[in-house]
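**Student:** task: produce atomic coordinates for the following.
(chains A and B)
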Amino acid sequence: MDSMSQGDGAAIEAVLAGDRDAFGELVRRHSRMLFRLAFRMTGNEADADDVVQDAFLRAYQKLATFESRADFGTWIYRIAVHCALDRLQRRRQDDARRVSEDYDPEEGGVQVADSKPDPERLAISTEIAVLQEAAMRGLTATERTAFVLRHLEERSTEEIAAVLDVTPNTAKQSVYRAVQKVRRRLTQLKVMA
Amino acid sequence: MKHYSEEELVERYYNGSTGTGQAGAGDGHLDECAECAAAFAALEIDLAAMRPVEIPEKSEHYGEQMWARVEAALPSRNLHAARKPRLVLWRGLAFTAGCAVLVTASFYGGRLYEHLHQPPAIQGQRRAPAGSPQQKVVVVVLGDHLDRSERLLVELKHADPGSPELVNPLTEEARGLLAANRVFRDDAQREGDPALTQALSHLDQVLTEIANRPGGLDGAALERIRNEMNADGLLFEVRVLRSKNPHRNKTVRVMARGGAA
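**Tutor:** Presented below is the predicted three-dimensional model:
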């Protein structure tokens, strides 16, 4: 067990013994790592901050179930992936609702939600980030998670399967479908450019 | 020559990667097959466009800022309190288990004490032979019970009230049949056999009347049982049951001197 894990273990014991401030140590220690993951998954700084906060809140509530033999970093990473997944799914539902609310019967068609980033976001995003965000727009939350973990976080198929609670083959298929969709979307974007 | 599918190319891209995501070096097929090599190169270009984005750099105070956000949103009760229900549950279980052990120990302790301090006379009584008349248990078969009942009803039908030597044995026989009849009737009721239940209930009334009539059976009593209690009808029911009942091999255990075992 490395020194960080030992430090995590002591902090967890302290929190479980009633020292709430000890949880602050865990938050300080793992926030930046979780932010990187959350940003890659959500592509958005504000959402990433919310995901990190949600992950720590969920971890605090479930801390009594945490097995002391396990690694807290791995555990909170998995929680953060699920928080990001939830946020992505909510975002897709919101987008779908917005599309249905924008339906104009007189026009007889559907006005698709604007996929272009707003000016503020454009200002803080690089061109690559915008392109990537556009390419990943068609992915389901699970596909996006699998792709981010495989392509950006460089996690193995088995690790992705463990995080998503699916079989390795399902994880592999999710990555493959994500790559297919991303490539199709990139082709469309190139044509439009 | 078999070409790689897109899925195989994706697999090759990631499995060959050692951090850079590059693959294909030294792959014999990709070296020889221009089509697959071109497909793999196109995949590499597409996926390179999805290379890791520049992540906004967070200051070293980010953890502190995040803790401020998390702390403000934490539930008021602490985890110690959250653990309490589980602790209370375990304490409750431990208390229950302790009580159970105490009760069991008291029970067996009491039995042991009683055994050690019993007067010899009582101990002697307890060791009475199993074959004692009070404890005798007999096994009765339903078919036999119905046979005996049928014979009793036939004798009842033809009994002469003026011959007590013929009537009195009926009373004894009815007493002998009563206990088993009640057990069979209760079983039939429990098992949902209405025909058998009804017949045995009817038989129970007749047997009770014969067995418990104060002063024995006289002419008036015989007449009443034959007519008012429809002994002939009961005889017919018993005969039908004896010949057709699928449970005629069923057995019950009864005390030889009345009462079910």
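
**Student:** ok, now which ones touch residue A:69?
**Tutor:** Not one residue lies near residue A:69 by Cβ atoms under 8 Å, 6 or more residues apart in numbering or on different chains. (Each C-beta comes from the backbone N, C-alpha and C, glycine too.)

**Student:** output the lowest mean pLDDT helix or strand found in the chain.
**Tutor:** As the question left the chain open, I've gone with chain A. helix A:119-124 (a mean of 47; mean pLDDT, DSSP states H and E).

**Student:** sorry, I should have been clearer: chain B.
**Tutor:** Here the helix or strand of chain B ranked lowest by mean pLDDT, DSSP H and E is helix B:120-126, holding a mean of 50.

**Student:** start and end of stretch A:55-71, how far apart?
**Tutor:** 16 Å (Cα to Cα, to the nearest Å).

**Student:** buried sites along it?
**Tutor:** Using 16 or more other Cβ atoms under 10 Å in any protein chain shown as the test for burial, stretch A:55-71 gives A:55, A:56, A:57, A:58, A:59, A:60, A:63, A:66.

**Student:** restrict the residues you listed to contacts with chain B.
**Tutor:** A:56, A:57, A:60, A:63 (Cβ under 8 Å from any Cβ of the partner chain).

**Student:** residue A:12 is in contact with the last one, correct?
**Tutor:** Yes - taking Cβ atoms under 8 Å as the definition, residue A:63 is a contact partner of residue A:12 at 6.5 Å.

**Student:** so where's the stretch 101-250 of chain B shaky on pLDDT?
**Tutor:** Within the stretch 101-250 of chain B, the segments meeting pLDDT under 70 span B:118-136, B:164, B:166.

**Student:** show me where it has helices.
**Tutor:** For the stretch 101-250 of chain B, the helices defined by DSSP state H, counting those that start in this stretch occupy B:120-126, B:142-158, B:164-190, B:194-212, B:219-227, B:231-244.

**Student:** which one of those lies nearest to residue A:26?
**Tutor:** Closest of these to residue A:26 is helix B:164-190, at 64.0 Å (criterion: Cβ to Cβ).

**Student:** how many degrees apart are that closest one and helix B:194-212 in direction?
**Tutor:** 150 degrees (axes from the mean of the first three to the mean of the last three Cα atoms, to 10 degrees).

**Student:** list the buried residues for helix B:164-190?
**Tutor:** Quick answer for helix B:164-190 (16+ other Cβ under 10 Å): B:167, B:170-171, B:173-185, B:187-188.

**Student:** near residue B:29, how many other residues are there?
**Tutor:** Other residues lying near residue B:29 total 16 when counted by other Cβ atoms under 10 Å in any protein chain shown.

**Student:** give the contact list for the residue nearest to it when sequence neighbours are not counted.
**Tutor:** Leaving aside its sequence neighbours, residue B:29 sits nearest to residue B:36 (Cβ to Cβ, 6 or more residues apart in numbering or on different chains; 6.1 Å). Taking Cβ under 8 Å, 6+ apart, we find residue B:36 in contact with B:3, B:4, B:9, B:29, B:30.

**Student:** angles on the backbone of residue B:36, please.
**Tutor:** The phi/psi pair for residue B:36 (degrees, to the nearest 10) reads phi -70, psi -40.

**Student:** from residue B:53, how far off is it?
**Tutor:** Going from residue B:36 to residue B:53 by Cβ to Cβ, to the nearest Å gives 30 Å.

**Student:** same thing with residue B:155?
**Tutor:** Per Cβ to Cβ, residue B:155 is found 107 Å from residue B:53.

**Student:** when the two are compared, which one has more neighbours?
**Tutor:** Per other Cβ under 10 Å, whichever of residue B:155 and residue B:53 has more neighbours is residue B:53, with 18 against 14.

**Student:** and the more buried one, backbone torsions?
**Tutor:** Note on residue B:53: backbone dihedrals following degrees, to the nearest 10 are phi -80, psi 160.

**Student:** make sure it is actually in contact with residue A:41.
**Tutor:** No - with contact defined as Cβ under 8 Å, residue B:53 does not reach residue A:41; the gap is 11.6 Å.

**Student:** could you see whether chain B lies near the strand or helix carrying residue A:28?
**Tutor:** Element membership for residue A:28 (DSSP states H and E) is helix A:22-42. Yes - using Cβ under 8 Å from any Cβ, helix A:22-42 reaches chain B at A:23, A:24, A:27, A:28, A:29, A:30, A:31, A:32, A:35, A:36, A:39, A:40.

**Student:** what sits against residue B:114?
**Tutor:** So residue B:114 contacts nothing (Cβ under 8 Å, 6+ apart).

**Student:** which residues are in contact with residue B:209?
**Tutor:** Going by Cβ under 8 Å, 6+ apart, residue B:209 touches B:221, B:225, B:229.

**Student:** so the last one sits against residue B:204, correct?
**Tutor:** Which is residue B:229. No - Residue B:229 is not in contact with residue B:204 according to Cβ under 8 Å; the separation is 11.1 Å.

**Student:** domain parsing for chain B?
**Tutor:** Here the domain parsing of chain B from automatic domain parsing is B:6-48, B:133-255.

**Student:** helix, strand or coil: sort out residue B:254 for me.
**Tutor:** For residue B:254, the assignment made with DSSP: H, G, I helix; E, B strand; the rest coil gives strand.

**Student:** from chain A, how far out is it?
**Tutor:** 60 Å (Cβ to the nearest Cβ, to the nearest Å).

**Student:** let me see the ranges of the helices in chain A.
**Tutor:** A:3-16, A:22-42, A:45-62, A:72-101, A:119-124, A:127-135, A:141-147, A:157-164, A:168-192 (DSSP state H).

**Student:** and the ones you listed, which is most packed in?
**Tutor:** Ranked by mean neighbour count, those are led by helix A:141-147 with a mean of 24 (mean count of other Cβ atoms under 10 Å in any protein chain shown).

**Student:** using CSV, write out every CA atom in it.
**Tutor:** Extracted C-alpha coordinates of helix A:141-147, given in CSV (Å, rounded to 0.1, in the frame of the first residue of the first chain):
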residue,chain,number,x,y,z
ALA,A,141,-23.9,8.2,-22.6
THR,A,142,-22.4,4.7,-22.3
GLU,A,143,-20.6,4.9,-25.7
ARG,A,144,-19.2,8.2,-24.8
THR,A,145,-18.0,7.0,-21.4
ALA,A,146,-16.5,3.9,-23.0
PHE,A,147,-14.8,6.0,-25.7
